[in-house]
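A.B. asks: kindly return the folded structure for what I paste below:
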Amino acid sequence: MMTSKEIRKAYLDFFASKGHTIVPSAPMVVKNDPTLMFTNAGMNQFKDWLLGNSPAPFPRATDSQKCLRVSGKHNDLEEVGHDTYHHTMFEMLGNWSFGDYFKNEAIDWAWELLTEVYKIDKDRLYATVFEGSAEDGTALDSEARDRWLTHLPADRVLLGNKHDNFWEMGDTGPCGPCSEIHVDLRDDAERQAIPGAELVNKGHHLVIEIWNLVFMQYNRKADGSLELLPHRNVDTGMGFERLCMTLQGKKSNYDTDVFTGMIGKIEELSGKKYGSDENVDVAMRVIADHIRAISFSIADGQLPSNVKAGYVIRRILRRAVRYGYTFLGFNEPFLCRLVGQLVDDMGEFYPEIAKQQTLIEKVIREEEMAFLRTLDRGIKLIESIMEKSSDTKVIKGEDAFTLYDTFGFPIDLSELIASERGFSIDLKGFETELQKQKERARNATANEFGDWVEFHHCDEVEFLGYDFTEVEGALLARHRKVKQKNREMIQLVFDRTPFYGEMGGEVGDSGWIESENGERIRILDTVKENNLTIHIAEKLPSDCSCPFKLTVDAQRRQNIANNHSCTHLLHLALREILGSHVEQKGSYVTPDYFRFDFSHFEKLSDEQIDRVEKRVNELIRQNNPLCEKRDGTMEEANRMGAMALFGEKYGDKVRIVKFGESVELCGGCHTSATGNIGFFKIVSESAIAAGIRRIEAKTGLEAENAVDVMEHALRSAKALFNNAPDLAAAIGKLIAENDAFKKEIEAVAKEKAASLKQILVDSAKDINGVRVVVVRTDSDPALLRNAAFMLQKEASNFAMIAAFAHEGKPQLMVMYSADLVAKGHNAGADVKEAAKAILGGGGGQPGLATAGGKNVDGLDEAARVLLSKLG
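C.D. replies: Prediction:
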């Protein structure tokens, strides 16, 4: 039996023998594609070539791509663990043709690999082909069907509809018919009873699709119509986990060696046995799956957070923790203890998780601890909600949604806790609130894109921004209308441009374009999408056919470039001062400031921050010139000691950026020499996750302004202390004096409270066998409260009833001694009832409670109510 490692290698070796270039997996976290948060298919990294936005460097490719499907169109999260074949993170084996071979070769090679290399029983295989669509005016894919009939009998070549057998990248763009390969893994008796053909695409867990061959031959336009693509492509994807299940003779993906090591580790930590209980099994499958998604996302630079991709990772992590907490008895962090097993299972093929194991463990541990605290708070909250709903025994949908949305408390856990107490949840109300939230999210991100209108054909956009901020004679290649949040804008693509599109944490350029007729249009922003530099314009030029002058806002660009170059100097300084464990984990570069995220496990001391600032400013003063190699190789970069970042995808050619001792791989805009940066100042340093720190900093004029603000504040503070030469000592002296005065005041207040307490004791009268003092004159509420506290501790068989006006507002206070409380008296309940007379509310403890209100005239009635409680 082949191991999973052998299965993966056999696939890549097979297609390499067919002239395919083996390409490494792209990061699972997508950073430069606004349409995606995660790589959810093997084709994502080849999108630019498939769309024709840039030429493919080779005609054929193959790889094993790590993918994540939990959000958007491919939302599998809630199914994961409950069945045996859905996953969040999975590997997709694929082979591609970029305008080279097409259907015949793709089908023949798929058959050869499955039946001759992997030795799958031919009688268990089925193929589906597209039946055509009257709606789109497309016919039966007879080319694919005829080819499959050379390998399979007609009763195992099945027709599929548009839903199953027509693949589309999105609402618009490349698309085409696809041919799925299904395998029947049932026992012979079951196959004999019901033919596999009747179960294909019917959701049977043992009659499953293992490979999809997509033939991209159309382009879907915004109006829904199809047009033929000039170059036809092949995109295939085979689920690695399902293939392993097939070849290893298993009935579940989780029974293959892809997962058995991890499930064994979960058994060891939990003391429970897989296969002994359905809830335990589901929990172990959830955890075994989710630890992969969480760890690989962190390794690729995506930390758990409350926004966008970070929120997805947090949801996955919390789902795993919740299953471990509920069904496996984990009350302490446990996911972090599984990372070592994952490294053993997958670290050889994906070395990024092995190299970052410590960071992954620390981030996961902190997230687990935070969520376990949240679970504890959520359980207390749901118990208080049930207390309020004791009459109906139904938790409102709005309350269940608050638990889910605000506290991250899963609805099924709320249901479980509720059912254990004999409660139910208004699930319809919950779903209503959930749909409202989804609608709000959709409206916030809803974009409407028109079709691209082409004016001048260009194979690839030439970026000239490294050398120029102004370019003349640029031709408008294409444009389209975009509606975002009910605002219509125009997207423009030119054949060449000096504008930098937002990428790699650096914001995009702004500026303007000017036509030959003098029309000037503002460029609001520039973005990068599918390797196209897209200029966001206020309006469409009146004449799109003429040449244009493109001008970047040069001062804004210079500020951005200075800040970007300074992140490189900061990276170097941090590694020198804190240690070589420091690695960049993210950045955001604007013209006004930049932030820099890096791996480090403790807060920087003031002394360390001073040293970092001094070192960066020293590097700035060295005025090292920019030395760059735009077409370098990874081998050259490694020789030069260039820093490559985890989670970044580097091509065959890389840009090496060098400022003195600082050498990094970077595609952003940089200053011509470090002296241009001028001055560097750290504004803040903080933690954003376990083992990840963030520095926010400014340079040049912005840094000077920040220092000016600090100096102004310092001068103002000195003036308050008569310009004392040692301001810190003067402030320290003031704080010490203030503490001494505070203690004196507290002592005086205590004496006054003790004096008032004695007056209250002396004024008490016997009412129904209880000593009672009634306060009706204006009193200091704080002083009276302190006296009441003393009375409660010292007196017995004693009550205080206070009903008075203070500063024009009615006040109530009730105190019962401990022995009266033991007999059933409750100050909190009594004052709440009495407060109705003063049109107010209040509460407190059984021994001491207060209330306020609006109706001074009601004080007599309030006092009567309180005194009646002693009758």
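
A.B. asks: which stretches of the stretch 351-500 of the chain form helices?
C.D. replies: Assigned by DSSP state H, counting those that start in this stretch, the helices in the stretch 351-500 of the chain fall at 351-355, 357-388, 397-407, 411-420, 427-445.

A.B. asks: starting at the chain centroid, how far to the longest one?
C.D. replies: I take that to be helix 357-388. Centre-to-centre, helix 357-388 and its host chain are 17 Å apart (CA atoms, centre = their mean, to the nearest Å).

A.B. asks: and if you look at the first one?
C.D. replies: The gap between the average C-alpha position of helix 351-355 and the chain average comes to 21 Å, counting by CA atoms, centre = their mean.

A.B. asks: now the last one
C.D. replies: With CA atoms, centre = their mean as the basis, the distance from the averaged C-alpha position of helix 427-445 to the chain average is 19 Å.

A.B. asks: stretch 694-714 too?
C.D. replies: Chain-centre distance of stretch 694-714: 31 Å, with CA atoms, centre = their mean.

A.B. asks: tell me which residues in that stretch are buried?
C.D. replies: Neighbour-count burial for stretch 694-714 flags 694-695, 697-700, 702-703, 706 (criterion: 16 or more other CB atoms under 10 Å). Placement of C-beta: from N, CA and C, glycine included.

A.B. asks: how about stretch 522-540?
C.D. replies: Applying a neighbour-count criterion of 16+ other CB under 10 Å, one finds 523, 525-537, 540 buried in stretch 522-540.

A.B. asks: same deal with stretch 722-742?
C.D. replies: Applying 16+ other CB under 10 Å to stretch 722-742 flags Ala730 as buried.

A.B. asks: elements contacting the longest helix belonging to the chain?
C.D. replies: Longest helix of the chain, by residue count under DSSP state H: helix 727-763. Applying 3 or more CB pairs under 8 Å, 6 or more residues apart in numbering; DSSP states H and E, one finds that helix 727-763 contacts helix 700-720, strand 770-775, helix 781-794.

A.B. asks: after that helix, which helix or strand is next? Please name it.
C.D. replies: The helix or strand immediately downstream of helix 727-763 is strand 765-767, counting by DSSP states H and E.

A.B. asks: quick one: mean pLDDT for that following strand?
C.D. replies: Summarised as a single mean, pLDDT over strand 765-767 is 91.

A.B. asks: do the same with stretch 607-614
C.D. replies: Averaging pLDDT along stretch 607-614 yields 97.

A.B. asks: same deal with stretch 548-562?
C.D. replies: On average, the pLDDT along stretch 548-562 is 97.

A.B. asks: got the end-to-end distance for that stretch?
C.D. replies: Counting by CA to CA, to the nearest Å, you get 28 Å between the two ends of stretch 548-562.

A.B. asks: same check, this time on stretch 389-405
C.D. replies: Terminal residues of stretch 389-405 are spaced 20 Å apart (CA to CA).

A.B. asks: returning to that earlier point: and the buried residues of stretch 522-540, which of them are in strands?
C.D. replies: Secondary structure from DSSP state E places 523, 525-529, 532-537 of those in strands.

A.B. asks: quick check, nearest of those to Ala802?
C.D. replies: Asp525 (64.2 Å; CB to CB).

A.B. asks: if we can go back for a sec, what's the closest of the helices and strands packed on helix 727-763 to Glu685?
C.D. replies: helix 700-720 (14.2 Å).

A.B. asks: which helices and strands sit right next to that closest one?
C.D. replies: helix 554-578, strand 680-689, strand 692-699, helix 727-763.

A.B. asks: hmm, try it at 10 Å
C.D. replies: helix 554-578, helix 606-621, strand 680-689, strand 692-699, helix 727-763 (3 or more CB pairs under 10 Å, 6 or more residues apart in numbering; DSSP states H and E).

A.B. asks: any chance of the ones in strands among the buried residues of stretch 522-540 in CSV, plus distance to Trp49 and pLDDT?
C.D. replies: Output for those, formatted as CSV (distance: CB to CB, whole Å; pLDDT from 0 to 100):
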residue, distance to Trp49, pLDDT
Ile523, 27, 97
Asp525, 26, 96
Thr526, 22, 97
Val527, 20, 94
Lys528, 16, 91
Glu529, 15, 85
Leu532, 13, 88
Thr533, 17, 94
Ile534, 18, 95
His535, 23, 97
Ile536, 25, 96
Ala537, 27, 96
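
A.B. asks: the inter-axis angle of the longest helix of the chain versus strand 770-775?
C.D. replies: Helix 727-763 and strand 770-775 are oriented at 120 degrees to each other (axes from the mean of the first three to the mean of the last three CA atoms, to 10 degrees).

A.B. asks: what is the most widely separated pair among the buried residues of stretch 522-540?
C.D. replies: Farthest apart among these by CB to CB are Asn531 and Leu540. That separation is 22.9 Å.

A.B. asks: mind listing what Glu241 touches?
C.D. replies: Residues in contact with Glu241 (CB atoms under 10 Å, 6 or more residues apart in numbering) are 4, 85-87, 89-92, 210, 252-254, 256, 258-259, 289.

A.B. asks: hmm, I typed the wrong one, I wanted Glu348.
C.D. replies: 5, 354.

A.B. asks: for it, helix, strand, or coil?
C.D. replies: What DSSP: H, G, I helix; E, B strand; the rest coil gives for Glu348 is coil.

A.B. asks: what do you get for Leu550?
C.D. replies: Counting by three-state DSSP, the backbone at Leu550 sits in strand.

A.B. asks: so it sits against Arg520, correct?
C.D. replies: No: using CB atoms under 10 Å, Leu550 is not in contact with Arg520, being 11.5 Å away.

A.B. asks: quick one on the thing from earlier: need the helices and strands packed on helix 700-720 in CSV with distance to Arg487, can you?
C.D. replies: Below are the helices and strands packed on helix 700-720 laid out as CSV (distance: least, CB to CB, whole Å):
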stretch, distance to Arg487
helix 554-578, 22
helix 606-621, 40
strand 680-689, 31
strand 692-699, 30
helix 727-763, 51
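
A.B. asks: between the ones you listed, which gets nearest to Gly160?
C.D. replies: Ranking the helices and strands packed on helix 700-720 by their distance to Gly160 (criterion: CB to CB) puts strand 680-689 first, at 44.7 Å.

A.B. asks: got the contact list for Glu576?
C.D. replies: Going by CB under 10 Å, 6+ apart, Glu576 touches 582, 611-612, 615, 619, 661.

A.B. asks: neighbour-wise, give me the winner out of those.
C.D. replies: Top of the contacts of Glu576 by neighbour number is Leu619, holding 25 neighbours under the definition other CB atoms under 10 Å.

A.B. asks: tell me the confidence at that residue?
C.D. replies: Looking at Leu619, its pLDDT is 98.

A.B. asks: distance of the nearest residue to it once chain neighbours are set aside from Lys202?
C.D. replies: Nearest non-adjacent residue to Leu619, counting by CB to CB, 6 or more residues apart in numbering: Leu569, 4.6 Å away. From Leu569 across to Lys202, the span is 61 Å (CB to CB, to the nearest Å).

A.B. asks: show me which of these two is the more surrounded one.
C.D. replies: Each of Leu569 and Lys202 has its neighbours counted (other CB under 10 Å); Leu569 has more, 26 against 7.

A.B. asks: who's in contact with the more buried one?
C.D. replies: With CB under 10 Å, 6+ apart as the criterion, the residues that contact Leu569 are 612, 615-620, 622, 624, 659-662, 674, 677, 680, 699.

A.B. asks: thanks again, I'm all set now.
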